[in-house]
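1. here is my input, please return the structure:
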Amino acid sequence: MPVVYVISDSLGETAEFVARAATSQFDSGDVEIRRVPYVSDLHHLEEIVEEASGYASVLAYTLVLPEFKQRLKDLAAEKSIPTVDILGPMVEAIGQVSRQSPRLEPGLLRKLDEQYFRKVEAVEFAVKYDDGKDPRGLLYADVVLIGVSRTSKTPVSMYLAHKRIKAANVPLVPEVAPPEELFGLPPRKVVGLTISPQLLNEIRQERLKTLGLTANADYASMERILLELDYAEGVMKRIGCPVIDVTNRAVEETASKVLEIYYKGERHGK
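-> Coordinates of the predicted model:
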């Protein structure tokens, strides 16, 4: 039975996928694929080639370090074993057109994949724990945003998610007690968002118009807004959390400020 050795200085998933795609083109399908991941010393290559010499084999590899690639080719040539450099030609072609030198650092694709999945996980987290849907999620959040309605809690949470930060948010309403979980969190994990009453009044009036409601509803009245902001301020003081005034701030600006607070808290562990 032919054997394809998939040799990588990382996990080897890329090379294995290509090898399986290639073997699917043969009717018999009678080809074994053996993945050899995390090859980190030249002696390991000697062992692989020695084992492969006992079979009708092919050595497919995604090694990025030149000395490893050359050593594998030399060893394989001595045993008359064909080799396939899966990444090399593409890396060289990109280097030519970009006029840049490759980083030649093993495992970069894996790191990119991990970052991508962390981002997806953070986005799903933000959606699941938006608007105080499930207080249990607050315990697993990196950051919890609190504030009255229309202080950009949801868009800031989503922006943070794209930075791989798990953000939950809780609306503060005088008639509804905040979840007890909120007061058990370290103050550094909670960020309060506040806004000027005048701007909030304008935002809420526009919101009512888009909903087809009258702009003089209690939701947008100045009396109601002052009541809510005063209540929210009391909750924030009770928690002892930092507060950001989002008046005339873009979502990106507010999120950057939250990130600054978050990373400063991570460094100092407060």
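
2. how about low-confidence regions in the stretch 1-150 of the chain?
-> Scanning the stretch 1-150 of the chain for pLDDT under 70 picks out 28-29, 103-113.

3. ranges for the strands of it?
-> 3-8, 32-36, 57-62, 83-85, 143-147 (DSSP state E, counting those that start in this stretch).

4. just the ones you listed: most buried one?
-> Mean neighbours per residue, mean count of other C-beta atoms under 10 Å, is largest over the strands of the stretch 1-150 of the chain for strand 143-147, with a mean of 26. (Glycine included, C-beta is placed from N, CA and C.)

5. distance from it to the middle of the chain?
-> Relative to its chain's centre, strand 143-147 lies at 20 Å (C-alpha atoms, centre = their mean, to the nearest Å).

6. after it, which helix or strand is next?
-> Next helix or strand after strand 143-147 toward the C-terminus (DSSP states H and E): helix 153-161.

7. mean confidence (pLDDT) on the next helix or strand along the chain from that following helix, please.
-> Elements were assigned by DSSP H and E; along the chain past helix 153-161, the next helix or strand is strand 167-171. Averaging pLDDT along strand 167-171 yields 97.

8. strand 167-171: which residues count as buried?
-> 167, 168, 169, 170, 171 (16 or more other C-beta atoms under 10 Å).

9. now do stretch 179-199
-> Under 16+ other C-beta under 10 Å, the buried positions of stretch 179-199 are 179, 181, 182, 185, 188, 189, 190, 191, 192, 193, 194, 195.

10. distance from the chain centre to that stretch, please.
-> So, by C-alpha atoms, centre = their mean, the centroid of stretch 179-199 is 24 Å from its chain's centroid.

11. show me how the protein divides into domains.
-> 3-106, 110-268 (automatic domain parsing).

12. what are the ranges of the helices in the stretch 101-250 of the chain?
-> 108-128, 153-161, 180-183, 197-210, 222-239 (DSSP state H, counting those that start in this stretch).
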